[in-house]
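Asker: sharing a model that was predicted from the sequence below.
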Amino acid sequence: MSPLAALLAACGRKGGWPEGMAEIKWDRDTCVRCNMVISDRRFAAQTRGGPKDTVFKFDDVGCLIFWLREQADKYPWLADAATRHWVADYDSKSREEMRWLDPKRAYFVSRTSPMGYNFAAVAAPLAGALDFTDTRQHVLAKGK
């Protein structure tokens, strides 16, 4: 699906959530890894998949990265192509106009984030931006 088609498809859904993504209840839902309330929309992330189409929400892309590594044995379906992952586009205008990106296709730039992993996802490559693989390596090297 082209980016324009995906954007148009999302327009008709309540709250603009992408197909398959569960709504994040800002300031109420908590990160599955650190238990912090998900408040800063610019860094939120979500994973959904498995036989029960289970949803996991995160307050920081770093929490997503660590959780994926920590839970790989418990949830082998995390490696399946059908498992979906989303990261908030840091450049989204507001909570009402959120854009969501596939982390494997996003670029990550240095920004102060809720848990101090200090990466934010953006749609277009910027000077100094990293891909998901390099971002993952930097986050895991922090060892939190």
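Answerer: Looks like it came in fine. Residues are numbered from 1 along each chain as shown.
Asker: any idea how far D60 lies from E19?
Answerer: With distances taken as C-beta to C-beta, to the nearest Å, D60 is found 24 Å from E19. Glycine gets a C-beta too; all of them are placed from N, C-alpha and C.
Asker: neighbour count winner among these two?
Answerer: Between D60 and E19, counting by other C-beta atoms under 10 Å, D60 is the more crowded of the two (27 against 10).
Asker: how far away is the closest residue to that one other than its chain neighbours from A81?
Answerer: In space, D60 comes closest to M115 once its chain neighbours are excluded; the distance is 4.0 Å by C-beta to C-beta, 6 or more residues apart in numbering. To A81, M115 is 28 Å away according to C-beta to C-beta.
Asker: of the two, give the one with the bigger neighbour count.
Answerer: A direct count of neighbours by other C-beta under 10 Å for M115 and A81 places M115 higher, at 20 against 6.
Asker: look up the pLDDT of the more buried one for me, please.
Answerer: Reading off the confidence values, M115 has pLDDT 95.
Asker: what about the helices in this structure?
Answerer: Here the chain has its helices, by DSSP state H, at 3-11, 61-70, 132-142.
Asker: R99 is nearest to which of the ones you listed?
Answerer: Ranking those by their distance to R99 (criterion: C-beta to C-beta) puts helix 3-11 first, at 7.7 Å.
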